[in-house]
Structure formats: C-alpha cells, structure tokens
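>>> this one's structure only:
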C-alpha cells in the first residue's frame, strides 16, 4: 500500500503566498522558474499572484507526490529559509553546520546563497531524507 506523504502544508503555502508577489510560495512548491519570474515581475503584476490563491491546493498535492518525506521537515526548513535565511539557520537545521556558519558570517553569502537555496531547498531536503532511509 503506497500512502501519500504530506511533505508540504497548504497553510504554509498560503502563509508564503502573502509574500507571493515575490514568488515565495512557488519556490516552496518546487517551481523555481516561475518563482523567479514572479520575483522579477511582482507576481505577473499581481495578476498571477491572485490566480495562485486558487492554484495552491493543486501545487500542494503535486509537491506531496514529488518530494520524499523523512526526519527533516520541509515546512520548518522553508520557514527558516524565508525568515532567517541570512543567518543560515535553515542550513544548520539540515545539519550543514559549516555552510550555516558561513551564511551567518556573510549574510547568506551576500544573498546569492539565499537565492540558490530558494531554487534547491526542496531537493536538498528530499536527498537528505532519502539518505536517512538507506
């Protein structure tokens, strides 16, 4: 029996949607290309941002199917990245202490590391969770 894991929460998706004109919810649901487009166009001038209010349940289901569940919680990792990313707390949470301290000392590698993590955090967590199962 293959039961779907709830790796991403709609409540976190909607919380990040508040900042959605910057693409935060799209990055959260594993859509970095459109997240970047939302970031540079302010949510397609607000129109895409409003439409996403209705698309979040589907994005949530898709993310739950796509990413591996495990000891590291996607939701906590995303909250830490979104609100404390410059301090590297999300990296420390994943056990990446060296880069976490580097982020702390450099403001998230001068912001570029934060952008990288917005693009890759779901995959980082998924890989760590899959490694823990082996």
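Here it is on my side, so go on. Just so we're clear, the structure is a prediction, and the values are computed from it rather than from any experiment. Numbers count the residues shown, from 1 in each chain.
>>> Could you check how far the spatially most central residue of the chain is from residue 77?
Nearest residue to the geometric centre of the chain (CA atoms, centre = their mean): residue 28, 3.3 Å. Going from residue 28 to residue 77 by CB to CB, to the nearest Å gives 10 Å. Just so you know, the C-beta spots here come from the backbone N, C-alpha and C atoms, and that holds for glycine as well.
>>> which regions of this protein sit below the pLDDT cut-off?
1-4, 134 (pLDDT under 70).
>>> just the helices in it please.
10-17, 24-28, 32-45, 47-66, 74-84, 89-93, 97-110, 112-133 (DSSP state H).
>>> Roughly how far does the residue nearest to the centre of the chain sit from residue 47?
Taking CB to CB, one finds residue 28 at 20 Å from residue 47.
>>> ok, now which ones touch the residue nearest to the centre of the chain?
The neighbours of residue 28, taking CB atoms under 8 Å, 6 or more residues apart in numbering as the test, are 8, 12-13, 16, 63, 78, 122.
>>> Please apply the same query to residue 53.
Taking CB under 8 Å, 6+ apart, one finds residue 17 in contact with residue 53.
>>> Could you measure from it over to residue 70?
30 Å.
>>> count of neighbours near residue 131?
Residue 131 has 10 neighbours, counted by other CB atoms under 10 Å.
>>> and if you look at residue 95?
When neighbours are counted by other CB under 10 Å, residue 95 comes out with 10.
>>> Tell me the spatial nearest neighbour of it, not counting adjacent residues.
Distances taken as CB to CB, 6 or more residues apart in numbering place residue 128 nearest to residue 95, at 7.4 Å, with adjacent residues excluded.
>>> All good on my end, thank you.
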